[in-house]
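Peer 1: Quick one, what's the 3D model for this:
(chains A and B)
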Protein chains: 2
Amino acid sequence: MTTTKHQPPLANRGVVIVEKEPEAVQNPLTAMVDYLRVSFKTHDVNFILEHIVHLKKAYMQEKESGFYGYIGTYQLDHIKVFYSKEGDNRGVLVEMSGQGCRQFESFLDARKKTWFDFFKDCINHGGKFSRFDLAIDDQETYFEIPMLLEKVKKGEAISRFRKSDFNGSLDIADGSNGGTTLYFGSKKSEAYLCFYEKNHEQADKYNIPLEDLGDWNRYELRLKNDRAQGAVQSLIQSQDLLDIAMQIINNYIRFVDADEDASREKWKTSGFWKVFIGDVGKLSLFMQPEDEFYEKSRRWLQNSCAPTMKMVLEADQVLGRQDLSDMVVNAELSDKQEKMLDVLLASPQDMVC
Amino acid sequence: MTTTKHQPPLANRGVVIVEKEPEAVQNPLTAMVDYLRVSFKTHDVNFILEHIVHLKKAYMQEKESGFYGYIGTYQLDHIKVFYSKEGDNRGVLVEMSGQGCRQFESFLDARKKTWFDFFKDCINHGGKFSRFDLAIDDQETYFEIPMLLEKVKKGEAISRFRKSDFNGSLDIADGSNGGTTLYFGSKKSEAYLCFYEKNHEQADKYNIPLEDLGDWNRYELRLKNDRAQGAVQSLIQSQDLLDIAMQIINNYIRFVDADEDASREKWKTSGFWKVFIGDVGKLSLFMQPEDEFYEKSRRWLQNSCAPTMKMVLEADQVLGRQDLSDMVVNAELSDKQEKMLDVLLASPQDMVC
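Peer 2: Here you go, the predicted model:
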């Protein structure tokens, strides 16, 4: 596999699309849309599907149930469109998890569009963002999270938040750091920043040696309601991440160096933080389109069923029968599986409208 | 209210019963049973209620549902006895949460018994403890938790556990500690130690000034299966907490002072730790009997309903009617509320057998 950098469809869009192997990209900082929730005061779910989400209903699974008081859902894997009953002012809600965002990027890509087009469509049709998360991956590690924690302890962090929570783990044998996370704001507040060591998290999760992962910090910015809406509006205006990244990170937290000869308000911004914020300003909004859908079902089949399939097949071979293939031929697909199949067999181009 | 120290019913039991105002007690270290789960390979739930739990069924609420595969429950607030269906080798399970333990102490007290009697009853009837938690309150604070965390970071902790997790919060304005928690072992392991700053936890929870709470650390020891059973057996043998406290805390974790001239295995135990372990050894098993049952319902009535009651009452007075009292007179109690009433009106003496 090779890395392909697409030129953005329109000049100066500040969007870089990388189809494969994002780890091979030179820029050590990459930002991605990590979660979004946008609602529309309409009950015309078809209009939203056609003109905002741009996905063909035929490829979406419909469920007569929803969350948050909505009564039904159109869903394409991790991309969900909830609708409410006539007269309910909830209207229509579009929700994409981190993975939903990755999948949506493959549809944007198929339509030669970018997130900015989607955001504009949303705002132009009265969309209200109630949640907008950005994730920044830092594979240079402009700083170490445990060092940031020490700075907070020394009063060398200036923030509009009052409290910072932290957690982590240590190797008792030598006291070495096993991954530290630092939070600013609370989960309930309108803005919430989370800085953690993605290399440690991935090493623990997948049981991979830490060395194989190299340096890797993750900075997550979670915005709600007015903050989310404001961030999306800034993004549309600036067409790059400069304003928003400055607005979010730098306005909420700044690291300084203590100076005995000056009052705390006059302490100077730390060098590492200036470099980081400078480079964040130059960030492009990154896309990592993923057109692998229903990977969960496939993984389940592979992990949980494949050994049994093999066992039955081997028995078939010894006994000269064809139990496994009969089983498969005679199986009936559920509606959900039919939809999965449609999606698997279609290309993103087929599914967009 | 005054503090009454009961002499233990039998000499050398090492049990101190404090009925009220435990905060007035001089000993800065107090240990309490904080959770327990003990099962019996029998389906004779009546026998367990009569001879182990010693509570009259008439005061217990019966539910035809249970957890962990049990089919029914006899419950007196936070004291629960689960039973399984005939032939199911789950048998009968007795479970008490921290508050359940406090409530059970009022029944032990009414019977002039101690935890040691209960533990002996359990073991003599083949009881298997699958969970046994001890909580030690330290109102002297032999050490500060953030200092322990620093020692772990410096490799100055010797433990049979590999990892230590930590979390906490900081006041960003000056970097001051807002409460730190240190864990040894994992929630899945057979032993799990948790050291935290109870004063910070309570201050946050009830919005009380930290100063009002003074120094207060909490050390929780959670034991499962063989470790739980072993601890209870040691407790019965030693009749005091010496063996068990030594066994649990000191065998799992020890803090040492780094010494450049010696290898890590030879580093000497820190002075503060020696003093602490020495005093833990002298601990008595503390009881804090609580005979307030169904306090949740009362608190709910007080917090959520009282203002509305007052409003209706004031309207009644102005309008010369008696809506509120009619409401109360005409209300019908549910079975659960009938049981609550029985329990409220009875003394612990009435309920034990």
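Peer 1: Could you report the neighbour count for A:Asp138?
Peer 2: Neighbours of A:Asp138 under the rule other C-beta atoms under 10 Å in any protein chain shown: 21. The C-beta positions use only the backbone N, C-alpha and C, and glycine is treated the same way.
Peer 1: Is it correct that it is in contact with A:Asn217?
Peer 2: Yes - contact criterion C-beta atoms under 8 Å: A:Asp138 and A:Asn217 qualify, at 4.2 Å.
Peer 1: What does the pLDDT read for the residue nearest to A:Arg218 when sequence neighbours are not counted?
Peer 2: Take A:Arg218 and drop its neighbours on the chain: the residue closest to it by C-beta to C-beta, 6 or more residues apart in numbering or on different chains is A:Lys198, 4.0 Å away. You'll see A:Lys198 listed with a pLDDT of 94.
Peer 1: Contact residues of the stretch 151-300 of chain A facing chain B?
Peer 2: When proximity is defined as C-beta under 8 Å from any C-beta of the partner chain, the stretch 151-300 of chain A approaches chain B at A:152-159, A:161-175, A:177-178, A:184.
Peer 1: How about the contacts made by the residue nearest to A:Arg218?
Peer 2: A:Asp137, A:Leu213, A:Trp216, A:Asn217, A:Arg218 (C-beta atoms under 8 Å, 6 or more residues apart in numbering or on different chains).
Peer 1: Switch these over to JSON lines; also include pLDDT.
Peer 2: Converted to JSON lines, the contacts of A:Lys198 look like this (pLDDT from 0 to 100):
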{"residue": "A:Asp137", "pLDDT": "88"}
{"residue": "A:Leu213", "pLDDT": "89"}
{"residue": "A:Trp216", "pLDDT": "93"}
{"residue": "A:Asn217", "pLDDT": "95"}
{"residue": "A:Arg218", "pLDDT": "94"}
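Peer 1: Scan those and report the most crowded one.
Peer 2: Busiest of the contacts of A:Lys198 [other C-beta under 10 Å] is A:Asn217, holding 23 neighbours.
Peer 1: Show me what that one is bridged to.
Peer 2: A:Asp138, A:Glu197 (DSSP bridges).
Peer 1: How about the stretch 1-150 of chain A: which residue is closest to chain B?
Peer 2: Closest to chain B within the stretch 1-150 of chain A is A:Leu149: 8.1 Å, counting by C-beta to the nearest C-beta.
Peer 1: how many other residues sit next to A:Asp204?
Peer 2: 14.
Peer 1: Then A:Gln317?
Peer 2: Residues near A:Gln317, counting by other C-beta under 10 Å: 11.
Peer 1: quick one, strands of the stretch 151-300 of chain A?
Peer 2: In the stretch 151-300 of chain A, the strands defined using DSSP state E, counting those that start in this stretch lie at A:157-159, A:163-171, A:177-184, A:191-197, A:217-224, A:253-257, A:268-269, A:285-287.
Peer 1: Give me the distance between the nearest residue to A:Lys85 once chain neighbours are set aside and B:Leu213.
Peer 2: Spatial nearest neighbour of A:Lys85, chain neighbours left out: A:Ile71 (5.1 Å); criterion: C-beta to C-beta, 6+ apart. Distance of A:Ile71 to B:Leu213, computed by C-beta to C-beta, to the nearest Å: 49 Å.
Peer 1: Now for A:Gly168: which residues touch it?
Peer 2: Residues near A:Gly168 by C-beta under 8 Å, 6+ apart: A:Pro146, A:Leu149, A:Asn177, A:Gly178, A:Gly179, A:Thr180, A:Thr181, B:Asp165, B:Phe166, B:Asn167.
Peer 1: And the nearest residue to A:His78 once chain neighbours are set aside, how far from A:Arg131?
Peer 2: Leaving aside its sequence neighbours, A:His78 sits nearest to A:Gly100 (C-beta to C-beta, 6+ apart; 3.3 Å). Separation of A:Gly100 from A:Arg131 (C-beta to C-beta) stands at 12 Å.
Peer 1: Neighbour count: those two, which is higher?
Peer 2: A:Gly100 (21 against 17).
Peer 1: Report the contact partners of the more buried one.
Peer 2: Taking C-beta under 8 Å, 6+ apart as the test, what A:Gly100 contacts is A:Asp77, A:His78, A:Ile79, A:Lys80.
Peer 1: swap the cut-off to 10 Å and go again
Peer 2: A:Val33, A:Tyr35, A:Leu36, A:Gln75, A:Leu76, A:Asp77, A:His78, A:Ile79, A:Lys80, A:Val94, A:Glu290 (C-beta atoms under 10 Å, 6 or more residues apart in numbering or on different chains).
Peer 1: how much space between the fourth one and A:Leu93?
Peer 2: A:Gln75 sits 12 Å away from A:Leu93, going by C-beta to C-beta.
Peer 1: buried residues in stretch A:202-218?
Peer 2: For stretch A:202-218, burial by neighbour count (16 or more other C-beta atoms under 10 Å in any protein chain shown) applies to A:Gln202, A:Ala203, A:Leu213, A:Trp216, A:Asn217, A:Arg218.
Peer 1: pretty sure the fifth one is touching A:Asp137, no?
Peer 2: Spelled out, that is A:Asn217. Yes - here A:Asn217 lies in contact with A:Asp137, judged by C-beta atoms under 10 Å, at a distance of 7.6 Å.
Peer 1: got any residues that touch both of those two?
Peer 2: A:Pro28, A:Leu29, A:Lys198.
Peer 1: I'd assumed A:Trp216 was in contact with the second one.
Peer 2: No - between A:Leu29 and A:Trp216 no contact is recorded; they are 11.5 Å apart, counting by C-beta under 10 Å.
Peer 1: Now do the shared contacts for those two.
Peer 2: A:Asp137, A:Asp138, A:Gln139, A:Glu140.
Peer 1: If you drop the residues flanking it in sequence, what lies closest to A:Gly155?
Peer 2: Using C-beta to C-beta, 6+ apart, the nearest residue to A:Gly155 is B:Gly175, at 3.9 Å.
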